[in-house]
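[1] okay, predicted coordinates and the sequence, questions at the end:
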Amino acid sequence: MVTPSFDGRSSYSGLTRAELATLVPELLLSGHLIDRSGMAHTIAAFGREGMAAVAIEEWQVASPVYTRRMQRALGFTGDSVETIFKGLQLDIGAPPQFMDFRYRVDDHDHGEFWLDHCGALADVEPMGEAYVRSMCHDIEDPTFDATALATNPNAQVRPIHRPPRVPADRHPVCAWKVTIDPSHVPPPIPANFDVVANSRASRIELDPIDPDDIGCNEYSGPLLSDLRFADFSRSALIRMADEVCLQHHLLTLGFLIAIRNRTDEPTAAEIGRKQFTGIAGLTSERIRIALSFGDDDAALARVLQLHPAWNPLQYTGIRIDTSEIGVRLRIPKHSGAVADEVWPTLIDATHLEPLEAMARGVNPRYAAHVIADTADELSICFLLADKPFAESGEVAITRFSTGADFRITDRGIPLPLTVV
């Protein structure tokens with residue numbers, strides 16, 4: 001029996017620098033699509049207003065935590081507008097190009113950003129003005145502030161203009177002003193923020209970036225118009241990838257807390273499992289395509305190894321084996337992810353839907369089989385059936401997003417954005 005090899009504690013240490021540069025923006029986009037996977041089921045359970053409330057709560061408690069983590073990891077801590085903008089460039093709330101943020105810095109305390117393209121708006125506009133207002137007004141106001149407050153408690157983000165678009169093809173689709181002013185009173189700390197801030201995902205220590213590795217090892221220089229991930233060192237990209245995976249888990253933790261506060265545990269688990277199933281399948285598919293993997297057992301093992309649901313390894317503790325009889329995934333019953341009650345806790349011997357969706361993103365013929373269920377771990381084997389399975393409804397719902405088929409391109413050398 002062979003375990004896919006890697007030369008460190010990160011699953012991503014087995015990838016080349018070029019592969020990592022392709023994968024990191026993919027992970028950012030898949031993190032953004034978590035909400036596309038979950039919110040349809042939230043609307044069904046709680047209505048449009050309930051969905052908006054859940055979205056506000058999850059982003060408010062998660063984004064400040066993971067923003068500060070990424071700032072520390074990449075060495076761009078500070079309290080300026082420029083620091084806020086750098087954080088957005090490495091945030092699953094603003095994946096590159098799909099959410100095409102453009103920036104202007106006036107000085108330490110003033111700046112603007114606007115979106116030349118907004119994939120989230122493209123998803124929501126067909127649903128009607130009420131849903132546009134829920135996203136661009138009700139949700140954005142408190143969540144943009146929450147992200148900015150992670151850098152400076154006196155920061156405020158206010159709209160210059162935003163959808164509904166008048167005229168209907170207005171570009172940029174929205175524009176926002178960021179101001180830091182000591183007279184700004186920070187909003188109250190959201191309920192349950194302390195739960196997320198003290199979670200295992202928040203506190204886990206990852207391997208530091210090697211300062212001697214070839215390429216950029218930090219983001220302490222000027223704000224760039226775009227991040228070209230190929231310019232970063234392999235070590236920095238590995239750390240980015242693991243940090244972005246933690247963003248997935250922290251956002252999901254916020255989502256599940258908000259859901260559990262509104263319903264009973266069996267219903268909350270069902271909604272969470274549907275969310276997990278939808279994003280698990282689509283993310284596997286995008287990883288496979290982005291890295292040009294095949295559709296056999298070796299490809300499945302690699303996709304499982306790289307999937308954000310199972311990373312960082314220090315957090316999930318999973319193991320992946322390949323043998324002559326298929327691919328085996330071992331999910332421990334005790335880990336940081338289990339303690340936080342995130343995605344792995346939604347899987348048991350009778351609920352394998354997220355795992356099957358994940359495998360079928362590689363090959364629609366895969367089926368998941370329980371081979372051991374002990375006090376220590378759940379062990380699953382993936383085997384190919386004779387015929388392909390139909391795509392799950394949860395994956396089909398997530399595929400509604402324009403992000404499902406969005407392709408990230410190389411825009412060339414980014415420009416430094418100096419103070420106007």
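    Received it, and whenever you're ready, just let me know what you need. Keep in mind that what you see is a predicted model, and the values were worked out from it rather than measured. Numbering: from 1, shown residues only.

[2] where does the closest residue to Leu237 other than its chain neighbours sit, in terms of helix or strand?
    Spatial nearest neighbour of Leu237, chain neighbours left out: Leu20 (3.7 Å); criterion: Cβ to Cβ, 6 or more residues apart in numbering. The C-beta positions use only the backbone N, C-alpha and C, and glycine is treated the same way. According to DSSP states H and E, Leu20 maps onto helix 17-32.

[3] going on from the longest helix belonging to the chain, what's the next piece of helix or strand?
    Determined from DSSP state H, the single longest helix within the chain is helix 34-74. Once the chain leaves helix 34-74, the next helix or strand it forms, by DSSP H and E, is helix 81-88.

[4] what's the average pLDDT for that following helix?
    Mean pLDDT, computed over helix 81-88, is 98.

[5] may I see the buried residues of the helix or strand bottoming out on mean pLDDT in the chain?
    One helix or strand of the chain scores below all others by mean pLDDT, DSSP states H and E: strand 319-323, with a mean of 91. Neighbour-count burial for strand 319-323, counted by 16 or more other Cβ atoms under 10 Å, picks out Arg319, Ile320, Asp321, Thr322.

[6] leaving out the residues flanking it, which one is nearest to the third one?
    Meaning Asp321. Arg328 (4.5 Å).

[7] spit out the contact partners of the one you found.
    Residues in contact with Arg328 (Cβ atoms under 8 Å, 6 or more residues apart in numbering) are Ile320, Asp321, Thr322, Ile371, Ser379, Ile380, Cys381, Phe382.

[8] now it: how far from Ala359?
    12 Å (Cβ to Cβ, to the nearest Å).

[9] pull the number of nearby residues for the residue nearest to Thr345 when sequence neighbours are not counted.
    Leaving aside its sequence neighbours, Thr345 sits nearest to Val338 (Cβ to Cβ, 6+ apart; 5.6 Å). The number of residues packed near Val338 is 18, by other Cβ atoms under 10 Å.

[10] packing partners of the one helix or strand Val338 maps to?
    Here Val338, judged by DSSP H and E, is contained in helix 336-340. Here helix 336-340 touches helix 200-203, helix 234-260, helix 313-316, going by 3 or more Cβ pairs under 8 Å, 6 or more residues apart in numbering; DSSP states H and E.

[11] reformat those helices as a markdown table; add mean pLDDT and distance to Ala73.
    Formatted as a markdown table, those follow (pLDDT from 0 to 100; distance: least, Cβ to Cβ, whole Å):
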| stretch | mean pLDDT | distance to Ala73 |
| --- | --- | --- |
| helix 200-203 | 98 | 13 |
| helix 234-260 | 98 | 5 |
| helix 313-316 | 97 | 14 |
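
[12] which one of those lies closest to Ala367?
    helix 313-316 (22.6 Å; Cβ to Cβ).

[13] so what touches the closest one?
    Here helix 313-316 makes contact (Cβ under 8 Å, 6+ apart) with 9-11, 200-201, 204-206, 245-246, 249, 309-310, 331-332, 335-337, 344.

[14] helix, strand or coil for the residue nearest to His161 when sequence neighbours are not counted?
    In space, and not counting its chain neighbours, His161 is closest to Ala175: 5.6 Å by Cβ to Cβ, 6+ apart. Recorded secondary structure, Ala175: strand (DSSP: H, G, I helix; E, B strand; the rest coil).

[15] in the sheet, who's paired with Ala175?
    Here Ala175 sits in beta bridges with Trp114, His161, as judged by DSSP bridges.

[16] in stretch 37-53, what's buried?
    Those would be 37-43, 45-46, 48, 50-53, for stretch 37-53 by 16+ other Cβ under 10 Å.

[17] contact partners of it?
    In this structure, residues lying in contact with stretch 37-53 by Cβ under 8 Å, 6+ apart are 54-55, 130-131, 134-135, 138-139, 255, 258-259, 262-263, 267, 271-272, 274-279, 282, 394, 397-398, 400.

[18] what mean pLDDT does that stretch get?
    On average, stretch 37-53 scores 96.

[19] distance check, Asp242 against Arg17.
    From Asp242 to Arg17 the distance is 16 Å (Cβ to Cβ).

[20] how about Pro164?
    Distance, Pro164 to Arg17, using Cβ to Cβ: 43 Å.

[21] which residues of this structure score low on pLDDT?
    Applying pLDDT under 70 to the chain flags residues 1-8, 420.

[22] please repeat the previous calculation with a cut-off of 80.
    Along the chain, segments meeting pLDDT under 80 span 1-8, 418-420.

[23] which residues touch the residue nearest the centre of it?
    Nearest to the mean C-alpha position of the chain, counting by Cα atoms, centre = their mean, stands Gly31 at 2.0 Å. By Cβ under 8 Å, 6+ apart, the contact set of Gly31 is Ile92, Pro95, Val244, Gln247, His248, Leu251, Pro308.

[24] correct me, but the second one touches Leu29?
    The reference is to Pro95. Yes. In this structure, Pro95 is within contact of Leu29 by Cβ atoms under 8 Å, at 4.2 Å.

[25] okay, and the common contacts of the two?
    Gly403.

[26] returning to that earlier point: so which of the helices and strands packed on helix 336-340 gets nearest Glu125?
    With Cβ to Cβ as the criterion, Glu125 lies closest to helix 234-260 of the helices and strands packed on helix 336-340, at 23.2 Å.

[27] thinking again about what came up before, from the contacts of Arg328, which single one is nearest Leu223?
    Looking across these and measuring by Cβ to Cβ, the closest to Leu223 is Ile320, at 38.4 Å.

[28] that closest one against Leu306, yeah?
    No. Between Ile320 and Leu306 there is no contact under Cβ under 8 Å: 10.2 Å.

[29] returning to that earlier point: next, find the distance separating the residue nearest to the centre of the chain from Gly111.
    Look at Gly31 and Gly111: by Cβ to Cβ, they are 24 Å apart.
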